[in-house]
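# Below is the sequence, then the predicted model.
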Amino acid sequence: MEKINWKQKLTSRKFWAAVVGFVTALMIAFAAPQATITQVTGIITAGATLIAYIVGEGMIDAASAGASVTINGDATITGAQDKVPQTDAPGESGAVASNTTGAV
């Protein structure tokens, strides 16, 4: 069984959308007033935004202090003293060469 990456989960928009949907459905099922449902949804959304901001700023601070921060295993933020640019592997840039010869 894999270990849950809580930092990734708590910054995921999909996770928070699922939480809001679940809580809203429960409140509707238990006949909560519409105003209460709206307030709870707003509080959950605000909390999710705050958590994502705090984690994001922490990653930026770590990177500026010289640490190497990996995001979802795809992108890497390097520290300020790391001057090596991050490039794609050969053939994986996604760029399309234009036809400069004039031939069709």
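Thanks, I have the structure now.
# all contacts plus neighbour counts: C-alpha atoms, from now on.
Will do.
# Could I get the full set of helices for this structure?
Along the chain, the segments classed as helices by DSSP state H run 6-10, 13-29, 34-64.
# In a markdown table, list those along with mean neighbour count.
What follows is these, written out as a markdown table (neighbours: other CA atoms under 10 Å):
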| stretch | mean neighbour count |
| --- | --- |
| helix 6-10 | 13 |
| helix 13-29 | 14 |
| helix 34-64 | 15 |
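# Kindly reformat the ones you listed as TSV containing mean pLDDT.
Listed next are the helices of the chain as TSV, based on pLDDT from 0 to 100:
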stretch	mean pLDDT
helix 6-10	81
helix 13-29	90
helix 34-64	88
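# how near is Thr24 to Thr36?
Here the criterion is CA to CA, to the nearest Å. By it, Thr24 lies 10 Å from Thr36.
# try Ser12
Distance, Ser12 to Thr36, by CA to CA: 25 Å.
# again, but for Thr11
Thr11 is 25 Å from Thr36, by CA to CA.
# now Lys14
Counting by CA to CA - Lys14 and Thr36 are separated by 23 Å.
# What of Ile60?
Ile60 is 36 Å from Thr36, by CA to CA.
# go on, Ser64?
Ser64 is 42 Å from Thr36, by CA to CA.
# do the same with Leu10
Distance of Leu10 to Thr36, computed by CA to CA: 24 Å.
# same deal with Val19?
Taken as CA to CA, the span from Val19 to Thr36 is 16 Å.
# now swap in Lys3 and tell me
35 Å.
# now Ala17
Distance, Ala17 to Thr36, by CA to CA: 18 Å.
# hang on, isn't Thr45 packed against Phe15?
No: at 11.0 Å, Thr45 does not count as touching Phe15 under the criterion of CA atoms under 8 Å.
# hey, what's in contact with both of these two?
Counting by CA atoms under 8 Å, 6 or more residues apart in numbering, Thr45 and Phe15 have no common neighbour.
# so what's Asp61 up against?
By CA under 8 Å, 6+ apart, the contact list for Asp61 is empty.
# Kind regards, and thank you for your time.
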